[in-house]
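Undergrad: Give the three-dimensional model of this entry:
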Amino acid sequence: VVVHGFEHATKSKSEAWKHHKTVLKQFLTDFTSETSTSLALYVVLHKPIRDHVEQYVLLLTKLNEALKEGPEKDLVTGAIKEYMKLESFISQVLDEACFTKALWKSLGYKFTDMLCVPERRLLEDSRNLPISTSTNRSDRILLFDDVLVLIQGNSFQSFDLKLVWVDKNCREKYGLRIITPEETFLLSARDPQVKAVWRWKLNQAIRQALNGKRDFPLWGKTGEGTEPLSCRCFSYDFKLEGKFKSATYEGEWRWGKPHGKGTLKWRDGRNHVGDFKEGLEHGFGICLVPRRSEDRYDCYKCHWYEGKMRGYGICEYGNEMVYKGYFKDNMRQGFGILENFSADHPFKYTGQWENDKKNGYGVWDDKDRGERYIGTWHDDHKHGQGIVVTQSGICYQRTFHAGKMVGSGILLLEDDSVYEGNFMEDLTFVGKGKLSFANGFVLEGTFTNKSGQGLQTQGILNTSNEQLDDRITKAQLGLKQFPVEKRWKGIYDQFLEFIHSGCKEEMEESFMGFHIQTSKELRTQEYLFCQRGTEDVSWKIEDILEELVQQQELKSLHCYLEKALKSSLHPLGKLLKALMIAFQATYSGIGANRHLLTLAQEEVKYYAKKIWEFYQGLLHLALEQKGQLPTKSVDGETSDQNACSIVLPLILPCFYPELFMLYMLYHEREDDLYCQGIVDLSLLPDIKLLEFLDVQKHLWPLKDLTLTTNQRRSLIKDKCFLSATECLQKLITTVDPREKLVILQKTYEEIESTVSRVVEKDYKLPMDDLLPLLMYVVSRAKIQHLGAEIHLIRDLMDPTNQGGLYDFLLTALESCYEHIQR
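TA: Residues are numbered from 1 along each chain as shown. This next block holds a predicted model:
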């Protein structure tokens with residue numbers, strides 16, 4: 001009917017008529033020649049079916065009247081309803097077809113060529129039920145079963161009904177607000193009745209288009225009144241000017257805007273896959289941007305906020321650089337790591353960013369030159385105070401201005417000599433300076449360096465000093481220049497912001513980094529503090545806060561913190577992971593230099609302090625959310641004490657390898673002397689050694705020297721005070737200073753119990769007796785790097801232990817160490 005099929009079939013020239021003339025004539029025997037053949041054919045084809053259905057309805061009605069109440073009657077009643085629906089469906093379908101046919105006849109060829117599709121049906125026409133657009137942008141509005149068409153002069157606009165929304169909150173009295181992906185317009189009716197009919201028809205048409213099938217009957221009861229869904233899932237090509245011009249979006253929609261999961265693809269090769277909110281990228285997304293010059297892409301895996309990158313992300317640039325860190329408004333901002341993997345100029349920067357540039361405190365590894373710069377930056381240049389450590393062990397501190405060295409500095413050479421003054425980038429001395437040699441000589445004067453003539457100087461050489469002071473050879477750099485509070489601010493800021501935002505689940509990845517399941521062969525730090533372990537515990541933010549409130553007792557708090565800090569999913573665990581990366585970037589490899597020991601040691605203590613502060617912050621928030629009043633805040637001193645006694649032992653293993661290496665380098669010379677002393681003492685048998693160390697004879701455990709037939713007592717080794725020696729050897733099996741002190745105390749108790757056994761009574765050792773015995777045990781325990789161990793315990797032990805038994809024993813051990821060196 002719609003595409004004039006019967007007219008075409010009954011034209012005398014048509015193929016159908018020529019080939020089937022006799023059959024068609026037979027069909028039309030009942031019709032006189034006055035009626036048009038096409039109309040006759042139309043009637044012949046649908047009338048028998050309609051009569052047939054009508055007969056059934058009559059038959060079933062009679063049957064229904066004859067039946068008594070019961071299941072059979074209900075069955076027949078149901079059948080009658082269905083046949084009546086079918087009857088009205090046939091009329092509606094044919095009416096709709098005729099309505100559509102009339103439209104195609106009235107429209108010009110320009111429109112019918114574009115719009116006339118056999119299966120398309122006209123549902124409403126503004127000429128039939130008057131409605132207009134408020135801006136007079138159209139002369140006529142047509143509602144089809146799949147599109148809404150606005151005709152203006154010789155042009156038209158069509159909107160796919162699957163992406164049309166009728167705003168139910170429209171405040172206009174006679175208006176309907178129509179929302180489509182790229183424009184919104186108002187349809188105005190003359191009275192509320194017309195508005196209601198159009199609204200109802202639009203909603204029914206949209207709902208049926210979304211379902212992919214028409215109702216039965218067409219405007220019947222089944223879907224009546226049900227609004228179409230506001231959330232949908234379809235593909236659309238953006239055409240108008242705007243952010244998404246010429247992009248194809250495929251995904252979830254809500255009220256005319258991309259909302260939910262989706263994919264945007266542009267013709268130039270850009271694409272974005274991720275979360276959207278109200279028409280903008282919002283949440284996690286992956287964006288690919290092709291590079292103009294070569295066949296490569298920049299890939300951003302990042303968090304987005306209202307259409308811009310914000311929060312944690314990883315960007316893999318097409319030029320073999322990778323950035324892992326924080327963004328704000330599409331620029332690198334906050335803490336981040338930029339690494340260049342290309343062979344041309346490999347480098348790695350770990351530190352602070354501002355407006356896409358290196359700004360603030362950061363560490364730069366130049367892998368070509370084998371150098372590491374630790375210091376401040378401004379606008380992508382080294383600027384301010386900086387320390388440079390080289391692969392050869394040379395280390396210097398200078399002031400930089402826009403990447404260039406200015407003023408004088410201090411240069412620490414690997415042979416322990418120290419130069420203070422001006423020097424060039426290739427480390428040649430120039431101008432006024434003072435060179436202190438390791439043997440104590442000091443040369444002060446003016447230095448020049450002419451090519452081919454070597455280093456020349458005019459000045460005074462002072463040879464009166466015996467040897468250089470430790471304060472010079474072991475000078476600690478960077479302490480005044482980089483206060484510990486100013487380092488790695490970007491890491492703490494993110495965590496602080498997370499707590500201030502109320503620790504919302506959806507914000508966590510944006511602040512704390514996200515989890516990417518990495519394959520086994522990737523290095524553990526392939527993704528910055530965010531690899532997902534196989535964790536038994538699910539750390540959901542609300543569970544974390546709930547558990548914090550319950551675990552406030554010291555013992556359970558200790559277990560909770562231990563578990564949290566080991567987890568790569570817990571915010572505190574993530575914070576620790578980030579600090580580990582910053583620490584390793586500074587002090588591992590080239591950064592293992594004894595002049596940085598104090599810098600590193602105070603940094604680890606500060607980490608413990610910050611982690612304790614953030615634990616307190618989380619607890620405060622958890623209590624607030626439960627409506628409980630947080631306990632009175634503890635003073636700074638107690639807080640520092642808790643950080644030192646609770647947190648430091650838990651986090652120390654993470655930093656121990658780099659930190660202990662610095663202690664070993666710092667004590668290298670003393671430890672060498674100590675080792676030589678140990679070697680000399682180990683040549684002596686037990687009795688000779690006890691005698692040499694002036695241990696009083698009545699304290700010698702001679703009973704422990706059991707002889708075989710051909711042994712002489714004076715030659716036996718490693719038998720006396722064996723239990724104490726074995727106990728002390730456990731000192732290197734733990735990293736926790738507290739545990740090391742406990743081992744020291746047990747060693748003391750073992751010595752005392754051995755002596756009590758010898759003298760056959762309880763014996764409290766006075767200091768004069770303890771020192772030689774402890775020296776005997778130390779020399780037999782042969783602990784490597786004892787100087788480093790002692791210094792580490794002294795620096796990192798709980799301040800509450802100062803002045804107590806532990807402190808006394810540590811002092812005794814120090815004294816033994818110094819004696820053995822001599």
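Undergrad: C-alpha only now, for contacts and for neighbours.
TA: OK.
Undergrad: where along the stretch 201-350 of the chain do the strands fall?
TA: 231-237, 247-254, 257-266, 271-277, 280-290, 297-305, 308-316, 321-328, 331-340, 347-354 (DSSP state E, counting those that start in this stretch).
Undergrad: Dump the first one to PDB, restricted to CA.
TA: What follows is strand 231-237, C-alpha atoms only, in PDB (Å, rounded to 0.1, in the frame of the first residue of the first chain):
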ATOM      1  CA  CYS A 231      19.600   5.200  29.800                       C
ATOM      2  CA  ARG A 232      20.300   3.600  26.400                       C
ATOM      3  CA  CYS A 233      23.200   2.100  24.500                       C
ATOM      4  CA  PHE A 234      23.800   3.100  20.800                       C
ATOM      5  CA  SER A 235      26.300   4.400  18.300                       C
ATOM      6  CA  TYR A 236      26.200   8.000  17.000                       C
ATOM      7  CA  ASP A 237      28.400  10.200  14.700                       C
END
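Undergrad: tell me the angle that strand makes with strand 247-254.
TA: 170 degrees (axes from the mean of the first three to the mean of the last three CA atoms, to 10 degrees).
Undergrad: which parts of strand 231-237 are buried?
TA: Buried positions in strand 231-237, judged by neighbour count with 16 or more other CA atoms under 10 Å: R232, C233, S235, D237.
Undergrad: Run through who's touching stretch 148-167.
TA: Contact partners of stretch 148-167, identified using CA atoms under 8 Å, 6 or more residues apart in numbering, comprise 110, 137-143, 145-147, 176-181, 199, 202-203, 205-206, 209-210, 230, 234, 255-256.
Undergrad: now swap in stretch 103-115 and tell me
TA: If you take CA under 8 Å, 6+ apart as the criterion, stretch 103-115 is touched by C116, L122, N154.
Undergrad: Restricted to buried residues, select these in ChimeraX.
TA: The following ChimeraX line selects those of those that are buried, judged by 16+ other CA under 10 Å:
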select :116,122
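Undergrad: Would you convert the contacts of stretch 103-115 into TSV that also reports distance to I49?
TA: Formatted as TSV, the contacts of stretch 103-115 follow (distance: CA to CA, whole Å):
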residue	distance to I49
C116	28
L122	24
N154	42
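Undergrad: Show only the entries of the contacts of stretch 103-115 found in strands.
TA: Within those, residues falling in strands by DSSP state E are L122.
Undergrad: now for the host helix or strand of L689, which elements pack on it?
TA: Using DSSP states H and E, L689 maps to helix 686-692. Packing partners of helix 686-692 (3 or more CA pairs under 8 Å, 6 or more residues apart in numbering; DSSP states H and E): helix 767-781.
Undergrad: again, only using 10 Å
TA: Contacts defined by 3 or more CA pairs under 10 Å, 6 or more residues apart in numbering; DSSP states H and E place helix 686-692 against helix 668-682, helix 767-781.
Undergrad: what comes up buried for it?
TA: For helix 686-692, a neighbour-count test (16+ other CA under 10 Å) marks D686, I687, K688, L689, L690 as buried.
Undergrad: what do you get for stretch 318-330?
TA: Neighbour counts over stretch 318-330 (16+ other CA under 10 Å) mark G318, M321, V322, Y323, K324, G325, Y326, F327, K328, D329, N330 as buried.
Undergrad: can the residues you listed go into JSON lines with extra columns for pLDDT and distance to Y763?
TA: Formatted as JSON lines, those follow (pLDDT from 0 to 100; distance: CA to CA, whole Å):
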{"residue": "G318", "pLDDT": "87", "distance to Y763": "75"}
{"residue": "M321", "pLDDT": "90", "distance to Y763": "68"}
{"residue": "V322", "pLDDT": "92", "distance to Y763": "66"}
{"residue": "Y323", "pLDDT": "93", "distance to Y763": "65"}
{"residue": "K324", "pLDDT": "92", "distance to Y763": "62"}
{"residue": "G325", "pLDDT": "91", "distance to Y763": "62"}
{"residue": "Y326", "pLDDT": "92", "distance to Y763": "63"}
{"residue": "F327", "pLDDT": "92", "distance to Y763": "67"}
{"residue": "K328", "pLDDT": "92", "distance to Y763": "69"}
{"residue": "D329", "pLDDT": "92", "distance to Y763": "73"}
{"residue": "N330", "pLDDT": "91", "distance to Y763": "73"}
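Undergrad: Export these as a markdown table, with columns for distance to D694.
TA: Listed next are these as a markdown table, based on distance: CA to CA, whole Å:
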| residue | distance to D694 |
| --- | --- |
| G318 | 72 |
| M321 | 66 |
| V322 | 64 |
| Y323 | 64 |
| K324 | 62 |
| G325 | 62 |
| Y326 | 64 |
| F327 | 68 |
| K328 | 70 |
| D329 | 74 |
| N330 | 74 |
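Undergrad: which helix of this protein spans the most residues?
TA: Assignment by DSSP state H gives helix 71-106 as the longest helix of the chain.
Undergrad: Quick one: distance of that one to the chain centre.
TA: 59 Å (CA atoms, centre = their mean, to the nearest Å).
Undergrad: what's D344 in contact with, if anything?
TA: Listed by CA atoms under 10 Å, 6 or more residues apart in numbering, the contact set of D344 reads D368.
Undergrad: quick one: it and R372, what's the gap?
TA: For D344, the distance to R372 equals 18 Å [CA to CA, to the nearest Å].
Undergrad: cool, E444 as well?
TA: 29 Å.
Undergrad: thinking again about what came up before, what would the strands of the stretch 201-350 of the chain look like in a markdown table with distance to Y817?
TA: Output for those, formatted as a markdown table (distance: least, CA to CA, whole Å):
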| stretch | distance to Y817 |
| --- | --- |
| strand 231-237 | 75 |
| strand 247-254 | 72 |
| strand 257-266 | 66 |
| strand 271-277 | 62 |
| strand 280-290 | 57 |
| strand 297-305 | 54 |
| strand 308-316 | 49 |
| strand 321-328 | 46 |
| strand 331-340 | 42 |
| strand 347-354 | 39 |
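Undergrad: Of all those, which one is nearest L813?
TA: strand 347-354 (39.7 Å; CA to CA).
Undergrad: which residues touch E749?
TA: A724, C727, I743, V755, K764, L765 are the contacts of E749 under CA under 10 Å, 6+ apart.
Undergrad: would you list every one of the helices in the stretch 101-250 of the chain?
TA: Ranges of helices in the stretch 101-250 of the chain, per DSSP state H, counting those that start in this stretch, are 109-115, 192-211.
Undergrad: Including distance to V164 and mean neighbour count, could these go into TSV?
TA: Formatted as TSV, the helices of the stretch 101-250 of the chain follow (distance: least, CA to CA, whole Å; neighbours: other CA atoms under 10 Å):
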stretch	distance to V164	mean neighbour count
helix 109-115	18	12
helix 192-211	7	19
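Undergrad: now those in a markdown table, with distance to E294 and mean pLDDT?
TA: Shown next, in a markdown table, are the helices of the stretch 101-250 of the chain (distance: least, CA to CA, whole Å; pLDDT from 0 to 100):
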| stretch | distance to E294 | mean pLDDT |
| --- | --- | --- |
| helix 109-115 | 42 | 86 |
| helix 192-211 | 43 | 88 |
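Undergrad: nearest to D493, of these?
TA: Nearest to D493 among those is helix 192-211; the distance by CA to CA comes to 47.4 Å.
Undergrad: okay, who's weakest in the contacts of stretch 103-115 by pLDDT?
TA: In terms of pLDDT, the weakest of the contacts of stretch 103-115 is N154, which scores 84.
Undergrad: Tell me which residue is most central in the protein.
TA: Nearest to the mean C-alpha position of the chain, by CA atoms, centre = their mean, lies G513 at 1.9 Å.
Undergrad: Many thanks, we can stop here.
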